[in-house]
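S.K.: Let me see the structure of the following:
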Amino acid sequence: ICLWRKFDVDNGVITSPLYPSNYINSEACIYDIVAPKKKRIALTCEYFNLSTKCMGHCGDHNGDKTYFQDITTFERYEGKELAGQTIKSKKNHHTFYFLSNSKDVEEDQRKYGFSCSYKFF
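M.R.: Model (predicted):
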């Protein structure tokens with residue numbers, strides 16, 4: 001459904017694939033947010049709930065888990081770690097990576113996915 005998407009219009013939203021429905025398994029997405037020069041980006045996740053189902057040996061922030069990663073800092077977010085949180089960029093370009101694992105959550109009764117708004121400042 002998604003590989004790479006560029007966002008360069010102020011006051012936008014990035015979401016997991018199929019949001020508000022659950023994302024599909026084994027999906028990879030890159031969200032590339034670009035603000036005008038001398039501006040920065042604030043990303044706020046109003047909804048953030050990723051499945052913590054895992055295959056094999058898993059611990060905090062490792063193993064075959066679904067995650068959302070800040071490519072600039074390599075910080076990895078799982079579960080509900082970004083719910084209600086804001087990430088501010090140091091420059092006018094910020095890239096995020098979403099990877100869902102092979103555990104099927106499409107038909108799960110719980111709501112999995114994310115919706116994060118961004119603005120330039």
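S.K.: from here on, contacts and neighbour counts on C-alpha atoms
M.R.: Noted.
S.K.: Which helix or strand contains the residue nearest the centre of the chain?
M.R.: Nearest to the geometric centre of the chain sits residue 68, at 4.1 Å (CA atoms, centre = their mean). Per DSSP states H and E: residue 68 is located in strand 67-70.
S.K.: For this protein, which segments count as strands?
M.R.: Under the criterion DSSP state E, the chain contains strands at 4-7, 12-15, 28-34, 41-49, 55-59, 62-64, 67-70, 75-77, 86-88, 93-99, 113-120.
S.K.: For the first one, give the mean pLDDT please.
M.R.: Which is strand 4-7. For strand 4-7, the mean per-residue pLDDT is 93.
S.K.: Over to the second one?
M.R.: For strand 12-15, mean pLDDT rounds to 98.
S.K.: Other residues contacting it?
M.R.: 31, 113, 114, 115, 116, 117, 118, 119 (CA atoms under 8 Å, 6 or more residues apart in numbering).
S.K.: mind redoing it with 10 Å?
M.R.: If you take CA atoms under 10 Å, 6 or more residues apart in numbering as the criterion, strand 12-15 is touched by 5, 7, 23, 31-33, 43-45, 47-48, 96, 98, 113-120.
S.K.: which strands and helices sit next to the strand holding residue 68?
M.R.: strand 28-34, strand 75-77, strand 93-99 (3 or more CA pairs under 10 Å, 6 or more residues apart in numbering; DSSP states H and E).
S.K.: Would you indicate which residues of it are buried?
M.R.: 67, 68, 69, 70 (16 or more other CA atoms under 10 Å).
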